[in-house]
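>>> Pasting a predicted model and its sequence here:
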Amino acid sequence: MLSAIILAAGKGTRMRSVLPKVLQPLGGRPLLHHVIQTTQRLAVRQAVVVAGFGIDAVKSACADMSLQWAEQAQQLGTGHAVAQALTQIRDDETALILYGDVPLIQADTLNRLTGLIDAEHPLALLTLQLAKPTGYGRIVRNKAHKMLSIVEEKDATEAQKLITEVNTGIMAVQGHHLKQWIGKLTNHNAQGEYYLTDIVGMAVQDGFTIRSTEAENEIEVLGVNDKAQLASLERMYQQVQVNALMQAGVTILDPSRIDIRGDVSVGMDVSLDINVVLSGNVVLGNQVTIGAGCVLHNVQLADGVKVAPYSVLEDCIIGNDSKVGPFARIRPGTVTQDHAHIGNFVELKNAQVASGAKINHLSYVGDATVGAKANIGAGTITCNYDGVNKHRTVIGEGAFVGSNSALVAPVSIGAGATIGAGSVITKDTPDAKLTLARAKQVTIETWQRPVKK
């Protein structure tokens, strides 16, 4: 059995933010979420989050996740933090200790680490070789390469500071021994804290050999303490995401100018131009093209969709071979069927647009159903809000709505109907008829333009 303990109690003073450190965003998600999602890919019985500063905000941010909680009211060191979770750890299981501000640890690495635990080896560490190990605790070994202890930087001698194998802080410990060793910790050190790493020396004194495995990449074990480190890790994270997309066959015109802030699945021959942002859950079908500067959040684009530059799409579904933009805004609840055309400076909200319909210029269509092959002229708006409630507009199949028309909902435009340009439509219109609603045009023959005195 395996349980994860995620240490997430720190304030993160150097972030200079009202947000707890573990809620700072990386790739559009809180740091802590990355760690929790990694534990979900392991065979864990539970994940226990040890929170402290901003605990209510941390719990709220994780409300939809299945977690156990422990509180560290005073930040007295990593050993003290782990102690707060021990009542939830079984004696006969392995405790995997992780950190809420070390977001990119990989499940494969953790599986390798926990696989080192057995009856004769109750403690295993994840280490890393660094050419410049400043700031890290050093792994002290004897001549036979057996691990003896971990020495923190502030307590290390000059000789120990030359050691290049460092402690990542991530470890796996058999539950019974973890409880025993944590109970023996003292704070007699330069920081006056209860170091979790002191249990290594205790394990050695009890006659156990400490196993270890190395992280394959430094990015896995990088922590975040300030906004500069957060920005640096963001760039590393983005490079990993972009590389994965390119390995999947996506053409990315400039890999340094794209941001992935969620989960993206792609078909074949997808192309992304510069400064595209993909967030939430994004599904891109075959031969989808996304133009420069587009922002997509929780979007499904079917095969052959072309999104022209500087369009913003959110919580919507776009059908096969449709065109969107440039400068279009597709808001939540919108679904278009195949071959729809949504043009420049068009805004859709909660609209259902049938196959072949066209809304090509400067229009707002909200809370509307647009029939197949309907054509909505430039400057048309659906007046869907009466100041209190929203109402729906239904535009029939093959209808033609002239430019600069206002359709005052609730209202239905008949199939094949034509609405004259500049009309304000307040009543349902019949099928296949021309409907006009304009003031009479008048020319005043005696009128003269005023002149300046």
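Perfect, thanks for sending it.
>>> So for the biggest helix by length in the chain, what gets flagged as buried?
In the chain, assigned by DSSP state H, the helix with the most residues is helix 227-247. By neighbour count on 16 or more other C-beta atoms under 10 Å, the buried set for helix 227-247 is Leu230, Leu233, Glu234, Tyr237, Gln238, Gln241, Val242, Leu245. C-betas here are computed from N, CA, C, even on glycine.
>>> where does the nearest residue to Trp181 once chain neighbours are set aside fall, helix, sheet strand or coil?
The spatial neighbour of Trp181 that comes closest, neighbours along the chain excluded (C-beta to C-beta, 6 or more residues apart in numbering), is Ile199 at 4.0 Å. Following DSSP: H, G, I helix; E, B strand; the rest coil, the label given to Ile199 is helix.
>>> Could you pull up the residues touching Ile199?
Contacts for Ile199 (C-beta atoms under 8 Å, 6 or more residues apart in numbering) come out as Gly79, Leu123, Val173, Leu178, Trp181, Ile182, Leu185.
>>> which of the residues you listed has the most neighbours?
Ranked by the number of neighbours (other C-beta atoms under 10 Å), the contacts of Ile199 place Leu178 first, at 27 neighbours.
>>> Next, find the distance separating that one from Ile199.
As judged by C-beta to C-beta, to the nearest Å, Leu178 and Ile199 stand 7 Å apart.
>>> again, but for Gln205
Remark: distance between Gln205 and Ile199 (C-beta to C-beta) = 10 Å.
>>> swap in Asp254?
From Asp254 to Ile199 the distance is 48 Å (C-beta to C-beta).
>>> How about Val276?
Between Val276 and Ile199 the computed distance is 47 Å (C-beta to C-beta).
>>> Can you report how many residues lie near the closest residue to Ala340 other than its chain neighbours?
The shortest distance from Ala340 to any non-neighbouring residue, by C-beta to C-beta, 6+ apart, is to Ser322 (4.4 Å). Ser322 has 24 neighbours, counted by other C-beta under 10 Å.
>>> hang on, Ser322 packs against Val307?
No: contact criterion C-beta atoms under 8 Å: Ser322 and Val307 do not qualify, at 9.1 Å.
>>> okay, and the common contacts of those two?
Listed contacts common to Ser322 and Val307 are nil; contacts here mean C-beta under 8 Å, 6+ apart.
>>> Show me what the lowest-mean-pLDDT helix or strand in the chain packs onto, helices and strands only.
Using mean pLDDT, DSSP states H and E, strand 147-151 stands out as the lowest-scoring helix or strand of the chain, at a mean of 90. If you count contacts as 3 or more C-beta pairs under 8 Å, 6 or more residues apart in numbering; DSSP states H and E, strand 147-151 packs onto strand 138-141, helix 198-205.
>>> Between the ones you listed, which one is closest to Ile89.
Nearest to Ile89, of all the helices and strands packed on strand 147-151, is helix 198-205, at 13.8 Å by C-beta to C-beta.
>>> buried residues in that closest one?
Asp198, Ile199, Val200, Gly201, Met202, Ala203, Val204.
>>> In contact with Leu233, which residues?
Counted by C-beta under 8 Å, 6+ apart, Leu233 has contacts Leu26, Pro103, Leu104, Ile219, Leu222, Val224.
>>> Oh, that last question was meant for Tyr136, not what I typed.
The contact partners of Tyr136, taken as C-beta under 8 Å, 6+ apart, are Leu128, Leu130, Glu153, Val166, Asn167.
>>> what about it, helix or strand, and which?
Assigned by DSSP states H and E, Tyr136 belongs to neither a helix nor a strand.
>>> State the pLDDT value of it.
Looking at Tyr136, its pLDDT stands at 89.
>>> Looking at the buried residues of helix 198-205, which two lie furthest apart in space?
Spatial extent of the buried residues of helix 198-205 (C-beta to C-beta) is set by the pair Asp198 and Val204 at 10.9 Å.
>>> buried set for the host helix or strand of Thr127?
Assigned by DSSP H and E, Thr127 belongs to strand 123-129. For strand 123-129, a neighbour-count test (16+ other C-beta under 10 Å) marks Leu123, Ala124, Leu125, Leu126, Thr127, Leu128 as buried.
>>> With pLDDT and distance to Ile117 added, can I get those in a markdown table?
Listed next are those as a markdown table, based on pLDDT from 0 to 100; distance: C-beta to C-beta, whole Å:
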| residue | pLDDT | distance to Ile117 |
| --- | --- | --- |
| Leu123 | 97 | 8 |
| Ala124 | 97 | 6 |
| Leu125 | 97 | 11 |
| Leu126 | 97 | 12 |
| Thr127 | 95 | 16 |
| Leu128 | 95 | 20 |
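>>> Tell me where the chain has helices.
Ranges of helices in the chain, per DSSP H, are 31-40, 55-61, 78-83, 107-114, 175-182, 198-205, 227-247.
>>> Can you say which of these is nearest to Lys390?
Checking these against Lys390 by C-beta to C-beta gives helix 55-61 as the closest, at 29.2 Å.
>>> avg pLDDT for that closest one?
96.
>>> which helices and strands does it pack with?
For helix 55-61, the packing partners by 3+ C-beta pairs under 8 Å, 6+ apart come out as helix 31-40, strand 46-51, strand 68-71.
>>> which other residues reach the last one?
When you say that, I think you mean strand 68-71. Here strand 68-71 has contacts from 9, 46-52, 55, 59, 84-85, 87-88, using C-beta under 8 Å, 6+ apart.
>>> So which of the contacts of Tyr136 is surrounded by the most neighbours?
For the contacts of Tyr136, the largest number of neighbours (other C-beta under 10 Å) sits with Asn167, at 23 neighbours.
>>> Pull up the gap between the residue lying closest to that residue once chain neighbours are set aside and Ser17, please.
Among residues not flanking Asn167 along the chain, Gly137 sits closest, at 4.1 Å (C-beta to C-beta, 6+ apart). Distance, Gly137 to Ser17, using C-beta to C-beta: 27 Å.
>>> So those two - more neighbours on which side?
Counting neighbours by other C-beta under 10 Å for Gly137 and for Ser17 shows that Gly137 has the greater number, 24 against 15.
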